[in-house]
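J.: 3D model of this:
(one chain, ligands or ions: 1)
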Amino acid sequence: MKRIVLLRLGHRPERDKRITTHVGLTARMLGAEGMLLASDDPGIVKSLEDVVKRWGGDFYVINNVNFKQEVRKWKDEGGKVCHLSMYGVNLPEVTEELKKCEKLMIVVGAEKVPPEIYQLADWNVAVGSQPHSEVAAVALTMDRIAEGEPLEKEFPNAELTIVPMERGKKVIENADE
Ligand code: SAM
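T.: Numbering: from 1, shown residues only. Predicted coordinates for the structure are as follows:
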């Protein structure tokens, strides 16, 4: 797998700020290059950009995209689209196919997704056929299809770096070059 982009549908600025931010943070942590937000909420962009500035890497967020245009563009450029939905085929059945994909868009909803996404997607994938959370769905999918160990990914150009330890907290403030 070379490139993963997350597409967030149905974000309601008055209700979903925290969970959409967590979807973005989780996708970033597990190796996505960026998140496309199919709603207008510049606050989400700012929160995630603040995290990137402090904790490194080059994860991007694009606000207020047209989801159909983004999906079509991605597919025209050779990408594949995996829509996560509890109604889809179960993840273990398609993990190997997803792993082979060089360019993958992962789509998650909030309340109800536009029905077209089921047709536009190459796969509609359930992370177990029970309702749960978009954060859990993204985390489990990205972990299962990762190349190597996603939890050991390094984030360059960070202002802050955690030194893992058994007890206590140690954070290094990196000097500017
Ligand atoms: N009630 C909504 C519906 O029927 O479309 C689903 C709401 S759910 C909290 C929000 C998002 O989480 C879904 O759009 C889907 O992307 C993801 N999700 C929740 N459970 C899932 C599951 N079992 N498998 C895959 N994705 C899931």
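
J.: Number of residues surrounding the residue in the chain that the ligand sits nearest to?
T.: Closest residue of the chain to the ligand, Cβ to the nearest ligand atom: Gly109 (2.5 Å). In short, each C-beta sits where N, CA and C put it, glycine included. Each residue near Gly109 was counted by other Cβ atoms under 10 Å, and the total is 19.

J.: For stretch 53-66, which residues meet the burial criterion?
T.: Residues of stretch 53-66 classed as buried by neighbour count (16 or more other Cβ atoms under 10 Å): Trp55, Gly56, Gly57, Phe59, Tyr60, Val61, Asn63, Val65.

J.: just stretch 30-47 next, same as before
T.: 30-32, 34-39, 41, 44-45, 47.

J.: And for stretch 108-124?
T.: Applying 16+ other Cβ under 10 Å to stretch 108-124 flags Val108, Gly109, Ala110, Val113, Ile117, Leu120, Ala121, Asp122, Trp123, Asn124 as buried.

J.: got the contact list for the last one?
T.: Meaning Asn124. For Asn124, the contact set (Cβ atoms under 8 Å, 6 or more residues apart in numbering) comprises His83, Ser85, Tyr87, Gly88, Val89, Tyr118.

J.: Pretty sure it sits in a strand.
T.: Yes - counting by DSSP: H, G, I helix; E, B strand; the rest coil, Asn124 is part of a strand.

J.: now it, which residues is it bridged with?
T.: For Asn124, the beta-bridge partners under DSSP bridges are His83.
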